[in-house]
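> let's see this in three dimensions:
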Amino acid sequence: MSDLFSQSNLLTTDTEFVSQTENEQFLRFLLNSNTKVMLPIKQITEVLKIQFGQIVPISQMPSWVMGVYNWRGDILWMVDLGHLLGFDSWHQQGINYSNYTAIVLSPNKEKNKTKINNIEQNIHLGLVVSRVEDIELCDTATIQSPPRSTVTLQLAPFLRGYWLKPENDMILILDGQAIITAMPKTWTS
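The predicted model follows:
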């Protein structure tokens with residue numbers, strides 16, 4: 001009987017050890033031809049293809065706010081993510097596509113509700129990127145702080161860290177909530 005009890009304790013200990021290692025799924029995408037970035041899948045609702053001209057510009061917004069898009073009957077604010085993070089804007093990259101690739105960011109989908117006119121609403125934001133590549137499974141314990149020399153002041157507030165793939169490929173990991181927080185206060189009104 002005591003052997004059975006000992007084995008039971010070993011199983012509990014092994015289970016606790018396994019739960020300390022947390023894997024998380026990330027969507028990997030490109031901001032420009034050589035900047036790979038990831039966002040947690042749990043903060044993303046979907047990936048869209050949007051034709052040019054379907055984003056309506058809004059005046060008096062920062063240059064990285066491209067405008068609004070009709071998404072499922074709701075207004076989706078569209079952001080040039082690369083430009084927000086301090087890289088060249090979408091138009092300066094000289095990319096010649098017939099449409100935009102946008103990631104619908106919804107950080108903490110079930111928890112991230114805000115009150116707008118006394119009505120709780122989920123916050124969604126469209127992030128225009130160069131190209132969506134793949135889904136990565138990453139051990140969160142391997143996410144590292146980037147060297148200070150490689151991080152600009154514009155990028156730092158949005159950076160959760162970086163992940164070094166086995167092929168020594170460095171991928172920046174962004175914080176979706178920080179991106180939402182950067183939006184102008186007038187975007188919800």
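> which residues touch the residue sitting nearest the centre point of the chain?
Against the mean C-alpha coordinate of the chain, by Cα atoms, centre = their mean, the closest residue is Leu39 at 3.3 Å. In this structure, Leu39 makes contact with Phe26, Leu27, Phe29, Ile103, Leu105, Ile173, Leu174, Gly176, judged by Cβ atoms under 8 Å, 6 or more residues apart in numbering. Where C-beta positions appear, they are placed from N, C-alpha and C, glycine not excepted.
> what sits against the fifth one?
Right, the one you point to is Leu105. With Cβ under 8 Å, 6+ apart, Leu105 has these contacts: Leu39, Gln43, Ile44, Thr45, His124, Leu125, Gly126, Leu127, Gly176, Ile179, Ile180.
> just send these back as JSON lines, with pLDDT too.
Formatted as JSON lines, those follow (pLDDT from 0 to 100):
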{"residue": "Leu39", "pLDDT": "96"}
{"residue": "Gln43", "pLDDT": "94"}
{"residue": "Ile44", "pLDDT": "95"}
{"residue": "Thr45", "pLDDT": "95"}
{"residue": "His124", "pLDDT": "91"}
{"residue": "Leu125", "pLDDT": "95"}
{"residue": "Gly126", "pLDDT": "96"}
{"residue": "Leu127", "pLDDT": "97"}
{"residue": "Gly176", "pLDDT": "93"}
{"residue": "Ile179", "pLDDT": "94"}
{"residue": "Ile180", "pLDDT": "92"}
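> from those residues, which is closest to Gly86?
Nearest to Gly86 out of those is Ile179 (Cβ to Cβ; 13.1 Å).
> for the helix or strand hosting the closest one, packing partners?
Using DSSP states H and E, Ile179 sits in helix 176-182. Using 3 or more Cβ pairs under 8 Å, 6 or more residues apart in numbering; DSSP states H and E as the contact definition, the elements that helix 176-182 packs against are helix 81-84, strand 99-105, strand 125-129.
> tell me which helix or strand comes right after the helix or strand of the chain with the lowest mean pLDDT.
Using mean pLDDT, DSSP states H and E, the weakest-scoring helix or strand in the chain turns out to be helix 2-20, at a mean of 42. Sequence-wise, the next helix or strand downstream of helix 2-20 (DSSP H and E) is strand 23-32.
> just the buried residues of that next one, please?
Within strand 23-32, the residues scored as buried using 16 or more other Cβ atoms under 10 Å are Phe26, Leu27, Arg28, Phe29, Leu30, Leu31, Asn32.
> contact partners for the first one?
Translated: Phe26. Met38, Leu39, Pro40, Ile41, Ile135, Glu136, Leu137, Cys138, Trp163, Ile173.
> pretty sure the fourth one contacts Asn23?
No: distance between Ile41 and Asn23: 11.4 Å, which falls outside the contact criterion (Cβ atoms under 8 Å).
> re earlier: and which of the contacts of Phe26 is nearest Leu155?
Ile173 (11.8 Å).
> so how far is Ala141 from Val79?
Look at Val79 and Ala141: by Cβ to Cβ, to the nearest Å, they are 30 Å apart.
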